[in-house]
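> Below are the sequence and a predicted model; questions follow.
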Amino acid sequence: MIPIQKVVILGANGTMGAGSGEVFAAGGCDVVFLARTMEKAHEGLVAAQNMAKSVRIADRISLGTYDQDLEEAVSKADLIFEALAEDIELKKAFFTKVDKYRRPESIVATVSSGLSIAEMALGRSESFRRNFLGIHLFNPPNVIVGTEVVPHEGTDPKLVQEMVQLLERRFGRVAIVAADKPAFAGNRIGFKVLNEVAILAEEHGVAFMDYLIGPYTGRAMAPLATVDLVGWDVHKAIVDNVYAHTKDEAHEAFRLPPYMEDLIGRGHLGNKTPQFGGFYRRVKEGNQTLQLVLDPKTGAYKDLREAGVRKLPWVEKIRDLHHVGRYREALKHFLSAEGAEADLARKVVFGYISYALNRVGEKEVVREVRDIDRIMGFGFNWAPPSVLIDMFGPEETVRQLDRYKLPVPPLLRTIAPGQKLFHEPYVNIGRFFAA
Amino acid sequence: MAAPVYILGGYQTDFARNWKKENKHIVAMIREAVEGGLEATGIDPKEIQVGHVGNFAAELYAMQGHLGAFLVDVDPAFSGLPTARHEAACASGSIAILAASAEIEAGRYDLALVVGVEQMKTVDPAKGGEFLGTAAWYEREAKGIEFPFPKLFGRLGDEYDRRYGLKDEHLAHISAINYSNAKRNPLAQTRNWYMTEDQARSVDKFNTVIGGRIKISDCSQVTDGAVSLFLASEKAAAAHARKRGIALESIPQLLGWGHRTAPIEFTAKIAESQNNPYILPHTRQAILDAFRRAGIPDVWAVQAIETHDCFTTSEYMAIDHFGITQPGESWKAIEDGTIEMGGKLPINPSGGLIGCGHPVGATGVRQVLDAYKQVTGQCGEYQVENAKRVATLNIGGSGTTSVSFVVGFA
């Protein structure tokens, strides 16, 4: 394994900086938290201690500022880990400095969740380029173990493989290799679904869409509640980037709905702006906390209880089956449910399977279906596509894809009857189906 | 000689899961454990003749009793299956195994399904602590006391200290070993948690004192978990072996068992053992009984131990009670690395109750399943090299009900 002992975090005061620093310190590294000021660096340390639930993790962490400590820290580091704001010019300015001070064999990584790795490497020295790659951790990194390793064309292929092993064995990650394409693998597939649901919410309502594509369809959290948690600004950055720089079969699913664009302009960024909210907003009325929900048509919020979600008997039946652990039976009901809503739900779920599997291939985002399964399962806490295919059956999956005019991934036609796609002996598939 | 009892395998759920967050009923846990076990072993549900469920307090945690009956819900082939639920606090799982194995020895049945299950994350820690207090003499030892069990096991440490001397740094080392082992176990609850020996020694806002000398780092976890195990007579094991094209001799057995109960009150236990070199002599006797029945002379005939570390003090007790050291000298096996992975006799390669987790009624079954996995070389990253015989110790209450098994090949 690559000997990594000294790690420097750039942007250690941010959520991803502090969280990544915690992961490296917990793996036994000596980590330098760098920020603009000592106060900021200390904020990062406190955040890392809270994540680790440990005061003593500070024993492995030292603090510094860019002005005072960057040169020395970078010159001693085995790994320089960049977790600055998602601003390519800012990152490039720092990489110029890193290039100047780093040892030629040290590794440089960015935690960026979507910016081009190749562009960040442009103009850097040969040894920097060879040792530079993306290590995309998901938020919060101490809890969500899915990780994408993203090389650019000039990254040493040996480093890529060794980094995957290192992240898995030493840092407890579930790591995959993803191509340097917009949003990489997890966010490309995940935000396709999230944005599609946001688009549908305009016609069908926020609470109803979260109900229809809720946890029972194989996810820990309902889609629009997830967007509120992630932040609408982050959501916009991801879908805009994919929309601008890719052209695939689901292109229009990445177009940010105009009502979101409008509300972002007015400061509605989800949970991080509690005074405005996002799809949901909590308000205090006396002793009570009222849950409000957005009406995308008007931009107004109304009481979630009054907005009232129409319960569907077949969804309730599926949830009840999940509740008692009858997941296969539940998914059979999902296939046989009748009505326009059932068609809508199936279109989204089979759209996810289709889109995900079509991202596998030599010129695509990942090389193996297993990569998709691992990143959706452990980066998003969503049922991996292979789990769904195994439960629906490959033939039935193809039938449903044809029915909803979704592109059938070639792989689906090659599965022998009875052959399973998902082979992770320690993963309980039941965990993906919340009731 | 009693008839042999073979172990055909089983299944453990991921102990990191929170089933309340998934909005699941306890039957979902039982179902996943059983279905996973059937798949792992290739056993046809029609072949199963009896079912035993170990569970401590589903009535309190999940407002549900009569758990044996839920086995019938798992598969249509189980309709009519004779079932029962067994309770002996944290030893419930082992008691379920004892019941199943006794029936096989008696020739009543050839293939038994055992499930250990506990759903604990349904209530806040204080409430859960109170529920656990019913494993002691509630009125006398737990009523009105916050977190009674850490305090009781703190007193076990105090008793060691009084009789032999005890350093908290040795307890911290036990904690660090269990957390470290758990990192290699893909089903362990704490596999991604942070814990080091320094952290375990520290008293601070995260590692607070829960009671007496017991800190957070000395405690096992609040865990949701279910585990299945299939036990077979020689006849059923031979049929199983034929079907799979393997030798009967390659299937491990429950080679020996020990089962003893001490006075339930901790004070009474300690009073009783005043003139005994062992602080919990009945626990010691359960271990010796298991060794005797397994036909092994002492602890050095096993290559690993899965023991009951509900607190670091209980593992400290297990070390001398197993006979790894002289009474009161457990610290020696901690200091010289004997009990670590790669040591002379690793304890809790799985991470134990501290690292892997402690779903109370499932723990005894999990220990025997881990022993089975060790002797059949299925433990992956936490495999103990050349493990051919493994011992378990499962304890209910404050050292009250003790059950020990030896798993291996005849």
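Received it, and whenever you're ready, just let me know what you need.
> Quick check: phi and psi on residue 370?
Since no chain was named, I'll use chain A. Dihedral angles of residue A:370 (phi, psi; degrees, to the nearest 10) stand at phi -60, psi -40.
> please go with chain B instead
For residue B:370, the backbone dihedrals (degrees, to the nearest 10) come out as phi -70, psi -40.
> Under a three-state scheme, what state does the residue lying closest to it once chain neighbours are set aside occupy?
In space, residue B:370 comes closest to residue B:350 once its chain neighbours are excluded; the distance is 4.7 Å by Cβ to Cβ, 6 or more residues apart in numbering or on different chains. To be clear about C-beta, it is placed using only N, CA and C from the backbone, and glycine gets the same treatment. Under the three-state scheme (DSSP: H, G, I helix; E, B strand; the rest coil), the conformation of residue B:350 reads as coil.
> List the contacts of residue B:350.
Residues in contact with residue B:350, defined by Cβ atoms under 8 Å, 6 or more residues apart in numbering or on different chains, are B:181-182, B:185, B:188, B:306, B:356, B:366, B:370, B:379, B:382.
> do that again at 7 Å, thanks
The neighbourhood of residue B:350, defined by Cβ atoms under 7 Å, 6 or more residues apart in numbering or on different chains, consists of B:181, B:185, B:188, B:306, B:356, B:370, B:382.
> Which of the residues you listed fall in strands?
Secondary structure from DSSP state E places residue B:306 of these in strands.
> Turn the contacts of residue B:350 into CSV, columns for pLDDT and neighbour count.
Supplementary listing: the contacts of residue B:350 in CSV, determined by pLDDT from 0 to 100; neighbours: other Cβ atoms under 10 Å in any protein chain shown:
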residue, pLDDT, neighbour count
B:181, 98, 26
B:185, 97, 26
B:188, 98, 28
B:306, 98, 30
B:356, 98, 34
B:370, 98, 29
B:382, 98, 25
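> Helix or strand: which one has residue B:402?
With the criterion set as DSSP states H and E, the secondary-structure element containing residue B:402 is strand B:401-408.
> How much space separates residue A:62 from chain B?
16 Å (Cβ to the nearest Cβ, to the nearest Å).
> Report how many residues lie close to the closest residue to that residue other than its chain neighbours.
Taking Cβ to Cβ, 6+ apart, and ignoring the residues beside it in sequence, residue A:62 has residue A:32 as its nearest neighbour in space, at 5.3 Å. Using other Cβ atoms under 10 Å in any protein chain shown, the number of residues around residue A:32 comes to 26.
> Kindly confirm my reading that residue A:32 forms part of a helix.
No - according to three-state DSSP, residue A:32 belongs to no helix; its state is strand.
> Who are the contact partners of the closest residue to chain B within the stretch 101-250 of chain A?
As assessed by Cβ to the nearest Cβ, chain B sits closest to residue A:172 within the stretch 101-250 of chain A, at 4.8 Å. By Cβ under 7 Å, 6+ apart, the residues touching residue A:172 are A:145, B:183, B:191-192.
> Most widely separated two among those?
Looking at the contacts of residue A:172 by Cβ to Cβ, the two members farthest from one another are A:145 and B:183, with 12.2 Å of separation.
> ok, back up a step: the strand holding residue B:402 pairs with which strands?
strand B:253-261 (antiparallel), strand B:389-396 (antiparallel) (DSSP bridges).
> Let me have these in CSV, extended by mean neighbour count, distance to residue A:9 and mean pLDDT.
Shown next, in CSV, are the strands paired with strand B:401-408 (neighbours: other Cβ atoms under 10 Å in any protein chain shown; distance: least, Cβ to Cβ, whole Å; pLDDT from 0 to 100):
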stretch, mean neighbour count, distance to residue A:9, mean pLDDT
strand B:253-261, 22, 51, 98
strand B:389-396, 28, 43, 98
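> Out of these, which is closest to residue A:244?
For residue A:244, the closest of the strands paired with strand B:401-408 is strand B:389-396, at 58.7 Å, according to Cβ to Cβ.
> Can you check the pLDDT for the closest residue to residue A:359 other than its chain neighbours?
Of all residues not flanking residue A:359 in the chain, residue A:365 sits nearest, at 4.4 Å (Cβ to Cβ, 6+ apart). Residue A:365 is assigned a predicted lDDT (pLDDT) of 97.
> Count residues in the vicinity of residue A:365, would you?
Count around residue A:365 with other Cβ under 10 Å applied: 28.
> what's near enough to touch the residue nearest to residue B:296 when sequence neighbours are not counted?
Of all residues not flanking residue B:296 in the chain, residue B:406 sits nearest, at 6.6 Å (Cβ to Cβ, 6+ apart). Applying Cβ under 7 Å, 6+ apart, we find residue B:406 in contact with B:255-256, B:290-291, B:294, B:296, B:302, B:389, B:391.
> possible to save the residues you listed as TSV with distance to residue A:45?
As requested, the contacts of residue B:406 are exported to TSV (distance: Cβ to Cβ, whole Å):
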residue	distance to residue A:45
B:255	52
B:256	52
B:290	49
B:291	51
B:294	52
B:296	52
B:302	45
B:389	48
B:391	44
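> wait, which of these is closest to residue A:258?
For the contacts of residue B:406, the minimum distance to residue A:258 (Cβ to Cβ) is 67.4 Å, reached by residue B:391.
> wait, isn't the closest one in contact with residue B:403?
No - in this structure, residue B:391 sits apart from residue B:403 without contact. The criterion is Cβ atoms under 7 Å, and the distance is 11.3 Å.
> Quick one: residues contacting the most centrally placed residue in chain A.
Taking Cα atoms, centre = their mean as the criterion, residue A:187 is the residue nearest the geometric centre of chain A, at 4.8 Å. Remark: with contacts taken as Cβ under 7 Å, 6+ apart, residue A:187 is in contact with A:113-114, A:238.
> just checking, which of these belong to helices?
Judged by DSSP state H, the contacts of residue A:187 include residue A:238 as members of helices.
> Please identify, among the contacts of residue A:187, the one with the most neighbours.
In terms of neighbours by other Cβ under 10 Å, the contacts of residue A:187 top out with residue A:238 at 25 neighbours.
> Spit out the contact partners of it.
Under the contact definition (Cβ under 7 Å, 6+ apart), the residues listed for residue A:238 are A:114, A:183, A:187, A:191.
> Name the helix or strand for residue B:223, please.
Counting by DSSP H and E, residue B:223 is part of no helix or strand.
> err, residue B:160, not the other one
Residue B:160 belongs to helix B:148-163 when assigned by DSSP H and E.
> Could I get the full set of helices for the stretch 301-435 of chain A?
Per DSSP state H, counting those that start in this stretch, the stretch 301-435 of chain A carries helices over the ranges A:304-307, A:313-323, A:327-336, A:340-357, A:369-379, A:385-392, A:394-403.
> just chain B next, same as before
With DSSP H as the definition, chain B shows helices at residue ranges B:26-41, B:58-61, B:92-105, B:125-132, B:148-163, B:168-182, B:197-201, B:234-244, B:266-272, B:281-294, B:312-321, B:330-335, B:352-355, B:363-375.
> Throw these into JSON lines and include distance to residue A:336, thanks.
Output for the helices of chain B, formatted as JSON lines (distance: least, Cβ to Cβ, whole Å):
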{"stretch": "helix B:26-41", "distance to residue A:336": "22"}
{"stretch": "helix B:58-61", "distance to residue A:336": "33"}
{"stretch": "helix B:92-105", "distance to residue A:336": "38"}
{"stretch": "helix B:125-132", "distance to residue A:336": "41"}
{"stretch": "helix B:148-163", "distance to residue A:336": "49"}
{"stretch": "helix B:168-182", "distance to residue A:336": "43"}
{"stretch": "helix B:197-201", "distance to residue A:336": "53"}
{"stretch": "helix B:234-244", "distance to residue A:336": "35"}
{"stretch": "helix B:266-272", "distance to residue A:336": "58"}
{"stretch": "helix B:281-294", "distance to residue A:336": "53"}
{"stretch": "helix B:312-321", "distance to residue A:336": "52"}
{"stretch": "helix B:330-335", "distance to residue A:336": "59"}
{"stretch": "helix B:352-355", "distance to residue A:336": "44"}
{"stretch": "helix B:363-375", "distance to residue A:336": "37"}
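> If anything else comes up later, I'll come back, but that's it for now.
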